[in-house]
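Participant: Here's a sequence, model it:
(one chain, ligands or ions: 1)
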Amino acid sequence: MIAIGCDHAGYEMKKELISVLGAKGYEFKDSGCDGEKCDYPDIAEKVCEDVLSGGCEYGILICGTGIGMSIAANKVKGIRAALCTDCFSTKYTRLHNNANVMCMGARTMGTGLAAELAEIFLTTGFEGGRHQRRLDLIEKIEEC
Ligand code: RB5
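Facilitator: Below you'll find the predicted structure:
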């Protein structure tokens, strides 16, 4: 199960992603919005909760730029949210950062690219090893 959410700026892209990836067998827990104006931190918080304790493996957040969503999501302890804009960094944020939430901007990229990035994110595993040590250091920062 994939947690997904958007604000009003990301609504059309979210619908398209659910349709394209749903056709490939992915299942989504959709935390809104449904197109109405809303505040992206509220949606980011719900999706992050679903990733941490709601049985969802990953989260996808979409706003106008993806930036607001990523800032908000990264405030939640245990969340490693990455703003994904290209194939390389999307792949490496899974391999090296073990990102558990991806954020994208509906006003900065097309839906075709967003769907491709989402598939890369959802199918790439964490490499572990030396990268785990760095994630442990990030966890220490969370304790400050
Ligand atoms: C909403 O207008 C816009 O500010 C929001 O979608 C997002 O881009 C914020 O980072």
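Participant: and the residue nearest to residue 98 when sequence neighbours are not counted, what is it in contact with?
Facilitator: Closest residue to residue 98 apart from its sequence neighbours, by C-beta to C-beta, 6 or more residues apart in numbering: residue 126 at 4.0 Å. In short, each C-beta sits where N, CA and C put it, glycine included. Residues near residue 126 by C-beta atoms under 8 Å, 6 or more residues apart in numbering: 94-95, 98.
Participant: Tell me how far residue 126 lies from residue 80.
Facilitator: 10 Å (C-beta to C-beta, to the nearest Å).
Participant: same deal with residue 66?
Facilitator: Distance, residue 66 to residue 80, by C-beta to C-beta: 15 Å.
Participant: quick one, which of the two is more surrounded?
Facilitator: Taking other C-beta atoms under 10 Å, residue 66 and residue 80 do not tie; residue 66 has more neighbours (27 against 17).
Participant: Give me the pLDDT value at that one.
Facilitator: On pLDDT, residue 66 comes in at 98.
Participant: any idea how far residue 119 is from it?
Facilitator: From residue 66 over to residue 119 (counting by C-beta to C-beta), the distance is 17 Å.
Participant: Could you tell me how far the closest residue to residue 27 other than its chain neighbours is located from residue 30?
Facilitator: Using C-beta to C-beta, 6+ apart and skipping the chain neighbours, the partner closest in space to residue 27 is residue 1 (5.2 Å). Computed as C-beta to C-beta, the residue 1 to residue 30 distance reads 11 Å.
Participant: Show me where the chain has its helices.
Facilitator: Taking DSSP state H, the helices of the chain run over residues 11-22, 40-53, 67-73, 87-95, 111-123, 130-142.
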